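Peer 1: Build me a model:
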Amino acid sequence: MFLRHTFMHRSLTRRLIGIFLCVLAVIGTPGILFAQQAGEVQTTGAVLSFSPPSGTMGVGKTLTVTVAVESPAPFNSANAVINFDKNILSFESVSKASSAFSFWPEEPTIANAEGKLSFGGGGTIGLTGKKTILTITLKGVKEGKSDVTFTTGSVLAADGKGTDILSTKSIATYTVSASAPSNTPPPPAPSGGDVGSLGPKPEAPDVTSTSHPDEALYYNAPKARFLWELPPDVMVVRMDLDKSAKTDPKTSYDPAINEKEFDQLTDGVMYFHLKYQNEGGWGPVTHKKIMVDKTPPPEFTLDITVPASSTDVKMKFSATDTMSGIDRYEVVIDAGNPIKILLAEIKDGEYTLANQTPGEHSATLKAYDKAGNYTPVDGKFMIEGEVPSATAKAAVDDTPKPTDWSLIANIFLIALVAFLIGYLWYERKAFRKEKYLTKREADELRDSLGNIFAALREEIGEQAGALFQKPNPSAQDREVMENINEAIDLSEELISKEAEDVRKLLM
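Peer 2: Take a look at the predicted model:
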């Protein structure tokens with residue numbers, strides 16, 4: 001009985017553990033997924049790239065290339081090994097001057113004999129978007145084409161775990177021509193023509209801005225970043241940023257670059273000017289307009305009144321912004337959620353905040369301009385009446401809340417673990433009790449067997465004495481009695497041994 005109970009106990013326990021692990025796999029995975037959706041922690045892959053991704057240079061001439069990381073998820077470090085054809089190209093220099101990284105555990109190192117450049121850098125804050133990491137100067141060694149690749153690399157998320165979020169390692173291809181293009185600008189072409197003495201002039205650049213994408217909107221970005229595609233025949237570019245819409249740029253970049261960032265921005269309308277030069281001469285100028293507003297609205301006043309016997313709050317305010325203009329307001333009562341106030345909702349400079357609960361409250365009103373800058377102002381007000389209890393306050397907000405599936409999954413798992421622990425504790429307790437009872441019964445059985453065999457021996461002894469008192473007992477009678485005594489001895493020995501084995505098993 002005991003061994004049968006032990007077998008059933010272990011079999012059931014194994015089944016319960018198996019069921020628990022299956023439920024954990026089924027329930028835990030959706031819980032993690034729901035938690036990710038609720039917390040928006042999913043990340044999108046980062047890209048290591050070269051800019052420009054292609055270009056041409058003459059033998060002995062140079063081309064400037066930037067290495068960048070682009071990621072919508074915050075990152076704070078990157079490392080890579082870059083390989084190139086050492087017979088076609090050489091890396092003349094590498095610069096960290098315009099890098100988004102501030103420290104370098106692995107300094108950028110050029111090994112032209114191996115056709116390799118390695119680096120590893122990082123920063124103290126999370127970066128998003130496209131960030132320049134290094135600026136490399138390439139030099140043409142001999143005619144041909146060379147792929148420049150990231151053979152290894154990683155981009156680590158700023159998540160406290162160092163998660164590698166690199167998904168794409170771009171490839172660039174650069175061509176070295178047989179003869180170096182001349183760096184001497186050709187003579188100015190006759191006005192009114194688009195064809196120079198050495199061929200057609202370049203077209204006007206198509207300029208985009210990642211910091212100020214819409215020319216009709218104001219932005220509060222501290223820097224302006226511009227990008228453009230660089231045609232293969234363009235050798236030099238000229239650019240400037242100022243307040244004039246018709247500037248002919250004078251600042252040259254040779255070799256040509258395909259992006260530029262400015263940090264000296266002033267409020268108001270500004271223009272980025274860019275033009276190309278090829279062997280045919282200078283092309284037309286593109287004037288890219290941006291609108292800058294980095295200044296919050298001026299300070300303003302907030303007047304709060306509560307009519308008698310009312311729970312409505314009257315708020316009077318009027319903010320101004322001379323640059324981009326006021327876009328909206330937001331008010332926060334106590335530590336609640338922001339309430340957006342559109343300009344159309346304000347009547348004669350007054351806005352009514354209805355159905356406020358009794359008691360003293362604080363209010364913070366923010367005036368936002370159209371560039372996203374804001375200025376806050378604080379106030380207080382009192383609503384007469386009995387302050388609601390905590391239960392009543394909790395009942396005020398009856399807005400349906402989205403189901404927290406991750407919390408439900410976690411509660412279920414905790415309950416399941418608690419059940420399993422409780423069951424194992426109960427089974428162990430029952431097992432110990434059964435073990436104790438069985439051990440006691442085995443001891444009692446051993447004692448009883450001793451008494452039984454003693455009584456049996458006594459009875460057989462009496463019968464044998466009576467038998468041997470007869471005159472001339474036969475040899476057969478004597479043999480029978482001896483066999484009986486041997487059988488009793490053997491039975492007692494075997495049963496005592498089995499009882500002792502059971503007793504040892506239970507110790």
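Peer 1: Please settle this for me: is Leu424 part of a strand?
Peer 2: No: under DSSP: H, G, I helix; E, B strand; the rest coil, Leu424 sits outside any strand and is assigned helix.
Peer 1: For burial, what's the neighbour tally of it?
Peer 2: Residues lying near Leu424 (other Cβ atoms under 10 Å) number 13. In short, each C-beta sits where N, CA and C put it, glycine included.
Peer 1: do the same with Gly122
Peer 2: 19.
Peer 1: mind checking the SS state of it?
Peer 2: Taking three-state DSSP, the label given to Gly122 is strand.
Peer 1: neighbours around the closest residue in space to it that isn't next to it in sequence, how many?
Peer 2: Nearest non-adjacent residue to Gly122, counting by Cβ to Cβ, 6 or more residues apart in numbering: Ser77, 3.2 Å away. By the criterion of other Cβ under 10 Å, Ser77 has 19 neighbours.
Peer 1: Verify the stated contact: Ser77 with Asp159.
Peer 2: No: Ser77 lies out of contact with Asp159 (Cβ atoms under 8 Å); the separation is 11.7 Å.
Peer 1: Which strands or helices does the helix or strand encompassing Ile421 pack on?
Peer 2: Using DSSP states H and E, Ile421 sits in helix 405-468. If contacts are counted by 3 or more Cβ pairs under 8 Å, 6 or more residues apart in numbering; DSSP states H and E, helix 405-468 sits against helix 2-39, helix 475-505.
Peer 1: mean pLDDT for the ones you listed: which is lowest?
Peer 2: If you rank the helices and strands packed on helix 405-468 by mean pLDDT, helix 2-39 sits at the bottom with a mean of 45.
Peer 1: Going by neighbour count, list what's buried in stretch 77-94.
Peer 2: 77-86, 88-91, 94 (16 or more other Cβ atoms under 10 Å).
Peer 1: what does stretch 323-336 give?
Peer 2: For stretch 323-336, burial by neighbour count (16+ other Cβ under 10 Å) applies to Met323, Ser324, Ile326, Asp327, Arg328, Tyr329, Glu330, Val331, Val332, Ile333.
Peer 1: so what's the fifth one up against?
Peer 2: Applying Cβ atoms under 8 Å, 6 or more residues apart in numbering to Arg328 gives the contacts Lys340, Ile341, Leu342, Leu343, Tyr368.
Peer 1: Do I have it right that Pro297 meets Asp321?
Peer 2: Yes: the criterion here is Cβ under 8 Å, and Pro297 meets it with Asp321 at 4.3 Å.
Peer 1: what touches both of the two?
Peer 2: Common neighbours of Pro297 and Asp321, using Cβ under 8 Å, 6+ apart, are Ala367, Asp369, Asn373.
Peer 1: For these, which entry has the maximal number of neighbours?
Peer 2: That'd be Ala367 among those, by other Cβ under 10 Å, with 26 neighbours.
Peer 1: Which helix or strand contains the spatially closest residue to that residue that is not a sequence neighbour?
Peer 2: Leaving aside its sequence neighbours, Ala367 sits nearest to Ala319 (Cβ to Cβ, 6+ apart; 3.6 Å). Counting by DSSP H and E, there is no helix or strand that carries Ala319.
Peer 1: From what I see, Ala319 and Gly325 are in contact.
Peer 2: No: proximity of Ala319 to Gly325 does not meet the contact threshold set by Cβ under 8 Å, at 10.2 Å.
Peer 1: measure Asp240 to Ala371 for me?
Peer 2: With distances taken as Cβ to Cβ, to the nearest Å, Asp240 is found 23 Å from Ala371.
Peer 1: who's more crowded, those two?
Peer 2: Ranked by neighbour count (other Cβ under 10 Å), Asp240 and Ala371 place Ala371 first, with 23 against 16.
Peer 1: and the more buried one, what does it touch?
Peer 2: Counted by Cβ under 8 Å, 6+ apart, Ala371 has contacts Tyr218, Tyr219, Asn220, Val292, Asp293, Lys294, Met323, Ser324.
Peer 1: swap in Asn112?
Peer 2: For Asn112, the contacting residues are Lys86, Ser90, Phe91, by Cβ under 8 Å, 6+ apart.
Peer 1: I'd like those residues laid out as CSV, including distance to Leu127.
Peer 2: Output for the contacts of Asn112, formatted as CSV (distance: Cβ to Cβ, whole Å):
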residue, distance to Leu127
Lys86, 32
Ser90, 30
Phe91, 25
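Peer 1: In helices, which of those residues fall?
Peer 2: Using DSSP state H to define helices, no part of those is located there.
Peer 1: ok, those vs Lys260, which is closest?
Peer 2: Phe91 (22.6 Å; Cβ to Cβ).
Peer 1: Look up the closest residue to that closest one, ignoring the ones flanking it.
Peer 2: Once flanking residues are discounted, Phe91 sits nearest to Ile110: 4.6 Å by Cβ to Cβ, 6+ apart.
Peer 1: Once you drop chain neighbours, what's closest to Ala78?
Peer 2: Val155 (4.7 Å).
Peer 1: quick one: what helix or strand has that neighbour in it?
Peer 2: Going by DSSP H and E, Val155 is part of strand 144-157.
Peer 1: Quick check: mean pLDDT of that strand?
Peer 2: Mean predicted lDDT for strand 144-157 stands at 94.
Peer 1: cool, stretch 322-334 as well?
Peer 2: For stretch 322-334, mean pLDDT is 95.
Peer 1: Equivalent analysis for stretch 168-184, please.
Peer 2: Throughout stretch 168-184, pLDDT has a mean value of 76.
Peer 1: next one: phi and psi at the nearest residue to Gly268 once chain neighbours are set aside?
Peer 2: The shortest distance from Gly268 to any non-neighbouring residue, by Cβ to Cβ, 6+ apart, is to Val292 (6.3 Å). Phi and psi for Val292, reported as degrees, to the nearest 10, are phi -120, psi 130.
Peer 1: Compute the first-to-last residue distance for stretch 203-215.
Peer 2: Terminal residues of stretch 203-215 are spaced 21 Å apart (Cα to Cα, to the nearest Å).
Peer 1: re earlier: what subset of the contacts of Arg328 is buried?
Peer 2: Among those, those buried by neighbour count (16+ other Cβ under 10 Å) are Ile341, Tyr368.
Peer 1: Could you export the contacts of Arg328 as CSV, including pLDDT?
Peer 2: Putting the contacts of Arg328 into CSV (pLDDT from 0 to 100) gives the following:
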residue, pLDDT
Lys340, 94
Ile341, 94
Leu342, 94
Leu343, 94
Tyr368, 96
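Peer 1: Between the contacts of Arg328, which sits nearest Glu500?
Peer 2: Of the contacts of Arg328, the one sitting nearest to Glu500 (Cβ to Cβ) turns out to be Lys340, at 85.7 Å.
Peer 1: Now for the closest one: which residues touch it?
Peer 2: Arg328, Tyr329, Glu330.
Peer 1: Check for me that the first one belongs to a strand.
Peer 2: So that's Arg328. Yes: assessed with three-state DSSP, Arg328 lies in a strand.
Peer 1: now it, which residues is it bridged with?
Peer 2: As for beta bridges, Arg328 partners with Tyr368 under DSSP bridges.
Peer 1: buried sites along the helix or strand containing Met57?
Peer 2: Element membership for Met57 (DSSP H and E) is strand 54-58. Across strand 54-58, burial judged by 16+ other Cβ under 10 Å covers Gly55, Thr56, Met57, Gly58.
Peer 1: Contacts only, for Gly122.
Peer 2: Counting by Cβ under 8 Å, 6+ apart, Gly122 has contacts Asn76, Ser77, Ala78, Phe101, Ser102, Phe103, Trp104, Pro105, Leu156.
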